[in-house]
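>>> with the sequence up front, the predicted model follows.
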Amino acid sequence: MVYVCDSCRFVFERTGETDACPDCGKPDIREASEAERDEYRKGRADFGKGGHGGAKG
Ligand SMILES: [Zn+2]
């Protein structure tokens with residue numbers, strides 16, 4: 001499940017339950033909306049690039 005922190009807007013994924021933001025440590029977290037989840041996955045796509053050359057810019 002993907003969560004978002006209302007305190008610092010940090011978005012993170014957890015397979016189980018979680019009760020605090022791993023970034024700021026506050027318990028102000030909630031389940032991410034569909035749009036937030038989509039944005040989160042887009043952001044993660046930037047990680048681990050490599051191998052095949054892609055278009056730049
Ligand atoms: Zn936070």
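Received the coordinates, thanks.
>>> beta-bridge partners for R30, please?
Beta-bridge partners recorded for R30 (DSSP bridges): V4.
>>> tell me who's in contact with it.
Y3, V4, D6 (C-beta atoms under 8 Å, 6 or more residues apart in numbering). Every residue, glycine included, has its C-beta placed from N, CA and C.
>>> just the buried members of those?
Y3, V4 (16 or more other C-beta atoms under 10 Å).
>>> how about TSV for the contacts of R30, with pLDDT and distance to the ion added?
Shown next, in TSV, are these (pLDDT from 0 to 100; distance: C-beta to the ion, whole Å):
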residue	pLDDT	distance to the ion
Y3	96	10
V4	96	9
D6	96	8
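>>> and the protein, which of its residues are near the ion?
C5, S7, C8, F10, C21, D23, C24 (C-beta under 5 Å from the ion).
>>> could those be laid out in a markdown table, adding secondary structure, neighbour count and pLDDT?
Below are these laid out as a markdown table (DSSP: H, G, I helix; E, B strand; the rest coil; neighbours: other C-beta atoms under 10 Å; pLDDT from 0 to 100):
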| residue | secondary structure | neighbour count | pLDDT |
| --- | --- | --- | --- |
| C5 | strand | 21 | 97 |
| S7 | coil | 14 | 97 |
| C8 | coil | 13 | 97 |
| F10 | coil | 15 | 95 |
| C21 | coil | 21 | 97 |
| D23 | coil | 13 | 97 |
| C24 | coil | 13 | 98 |
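>>> C8: what's it in contact with?
C21, D23, C24, K26.
>>> and the first one, backbone torsions?
Going back to what we said before, that points to C21. In terms of degrees, to the nearest 10, the main-chain angles of C21 are phi -70, psi 130.
>>> isn't it right up against S7?
Yes - between C21 and S7 a contact is recorded at 6.4 Å, counting by C-beta atoms under 8 Å.
>>> shared neighbours of those two, anything?
D28.
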